[in-house]
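Trainee: Below are the sequence and a predicted model; questions follow.
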Amino acid sequence: MTTLNQIAHVVVLVFALLAIALPGVAATRADDGGTGSRTLGEAVALIERGHGVDAVPILRDLAENGDVRAQVMLGAAYSEGKWLPRDPLQAYVWLRIATSLQRGAVQQWVTLPRARELMLQATGAVDGAGLIKGDALAAEFVHARNQAWDESFALGVSGQAAEADPLHQRFAFRAGCAVRSVGPHCKPLAADAQPLCTGTLEANPDAKATASGKRAKVFQPDYPGARRRNDSQVGVLAHVDRSGWVCHVKVVDSSDDAEIDRTVVEAVAQWRFEPANKAGEPVESLHTTYVTLNFKP
């Protein structure tokens, strides 16, 4: 049986890695009121000041909106009984969710291994019936969350994205060069451009779209004045047409900074990829890519 000391040891390690994953995140407003657009950086700042109880509503709001780091921290809090009554089942559910989300999730590379490790620790404190119930609750949440993210993306594609939609706010969306000719990198279209944005997506191309190749035209977005590490990344899902131009782009892995996320989607919306292909022919597809920002002093 896993001891509380073992769980606490893993919890401490998780929080240490989460702090590493958030360098330079500004601790902006941490006052009372609804969570709204409050960030993980604010929650971390509260925890560092010894106000973990006040960080819980922020973590819960972010966790419910798909932030894997917040889900891991919430699961850790339930595991340890820190800031919340100890509840191994709730800990297991949030950690199971954190390891299961596929779309619109903040998939931090240092977070998921620790989420899995902590989840395994939590199973020792939950009986068989509890694990079955926990798996069902997590699966229900993940299905609903992924479906909501997909619907949010579809609304953006159809031009019906609601600005008040939490998913639209958390995961920025833009139409790209293939939909509207904006930005200095969009036009003119190359002579080999093919029909644009038909929506007939190839789910299993022989070769995926790539940002390298003879037709690819990409640039790294600049973010002047930001006090952040140059290895900060944002993950985006790009809808790429058969000529490689971007139809739509949406954040799937947030930087925890809405302005930086917008900078990335505005840049990627003007990229041209080497398109995916099937049986030697270019096809329309979805492509996930990570963008490293170039921060200027």
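Mentor: Yep, it's here.

Trainee: residue boundaries of the helices in the stretch 1-150 of the chain?
Mentor: Under the criterion DSSP state H, counting those that start in this stretch, the stretch 1-150 of the chain contains helices at 4-20, 40-48, 52-64, 68-80, 88-98, 111-123, 128-157.

Trainee: Can you add distance to His185 and mean pLDDT and give the ones you listed back as JSON lines?
Mentor: For the C-beta atoms, the positions are set from N, CA and C on the backbone; glycine is no exception. Compiled in JSON lines, the helices of the stretch 1-150 of the chain are given as follows (distance: least, C-beta to C-beta, whole Å; pLDDT from 0 to 100):
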{"stretch": "helix 4-20", "distance to His185": "34", "mean pLDDT": "43"}
{"stretch": "helix 40-48", "distance to His185": "31", "mean pLDDT": "87"}
{"stretch": "helix 52-64", "distance to His185": "33", "mean pLDDT": "90"}
{"stretch": "helix 68-80", "distance to His185": "32", "mean pLDDT": "88"}
{"stretch": "helix 88-98", "distance to His185": "36", "mean pLDDT": "91"}
{"stretch": "helix 111-123", "distance to His185": "33", "mean pLDDT": "78"}
{"stretch": "helix 128-157", "distance to His185": "21", "mean pLDDT": "86"}
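
Trainee: Out of these, which gets nearest to Thr198?
Mentor: helix 128-157 (11.7 Å; C-beta to C-beta).

Trainee: Which secondary structure elements does that closest one sit against?
Mentor: Contacts defined by 3 or more C-beta pairs under 8 Å, 6 or more residues apart in numbering; DSSP states H and E place helix 128-157 against helix 88-98, helix 166-170, strand 173-175, strand 246-253.

Trainee: Reformat the helices of the stretch 1-150 of the chain into a markdown table and put distance to Ala238 next to each item.
Mentor: Listed next are the helices of the stretch 1-150 of the chain as a markdown table, based on distance: least, C-beta to C-beta, whole Å:
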| stretch | distance to Ala238 |
| --- | --- |
| helix 4-20 | 28 |
| helix 40-48 | 25 |
| helix 52-64 | 24 |
| helix 68-80 | 21 |
| helix 88-98 | 25 |
| helix 111-123 | 23 |
| helix 128-157 | 11 |
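
Trainee: could the ones you listed go into CSV alongside mean neighbour count?
Mentor: Formatted as CSV, those follow (neighbours: other C-beta atoms under 10 Å):
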stretch, mean neighbour count
helix 4-20, 16
helix 40-48, 22
helix 52-64, 20
helix 68-80, 27
helix 88-98, 26
helix 111-123, 20
helix 128-157, 16
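
Trainee: for these, which one sits closest to Val240?
Mentor: helix 128-157 (13.0 Å).

Trainee: residues of stretch 268-276 that come out buried?
Mentor: Within stretch 268-276, the residues that qualify as buried are 268-276, counting by 16 or more other C-beta atoms under 10 Å.

Trainee: Now, those residues that are in helices?
Mentor: Of the buried residues of stretch 268-276, the ones assigned to helices by DSSP state H are Val268.

Trainee: Quick check: the farthest pair among the buried residues of stretch 268-276?
Mentor: Across those, the longest distance by C-beta to C-beta is 19.1 Å; it joins Gln270 and Ala276.

Trainee: so how many other residues sit close to Ala203?
Mentor: 7 (other C-beta atoms under 10 Å).

Trainee: Likewise for Leu201?
Mentor: 13.

Trainee: My guess is it contacts Lys278. True?
Mentor: No - contact status for Leu201 versus Lys278: not in contact, 11.0 Å apart, counting by C-beta atoms under 8 Å.

Trainee: show me where pLDDT drops low in the stretch 151-297 of the chain?
Mentor: For the stretch 151-297 of the chain, the stretches flagged by pLDDT under 70 are 159-166, 182, 187-195, 223-232, 294-297.

Trainee: ok, now with 90
Mentor: Scanning the stretch 151-297 of the chain with the threshold set as pLDDT under 90 gives 151-204, 211-237, 243, 251-265, 286-297.

Trainee: Now do the helices in it.
Mentor: Under DSSP H, counting those that start in this stretch, the stretch 151-297 of the chain gives helices at 166-170, 258-268.

Trainee: hmm, back to that, of all the helices of the stretch 1-150 of the chain, which one comes closest to Arg170?
Mentor: The nearest among the helices of the stretch 1-150 of the chain, by C-beta to C-beta, is helix 52-64 at 8.4 Å.

Trainee: If anything else comes up later, I'll come back, but that's it for now.
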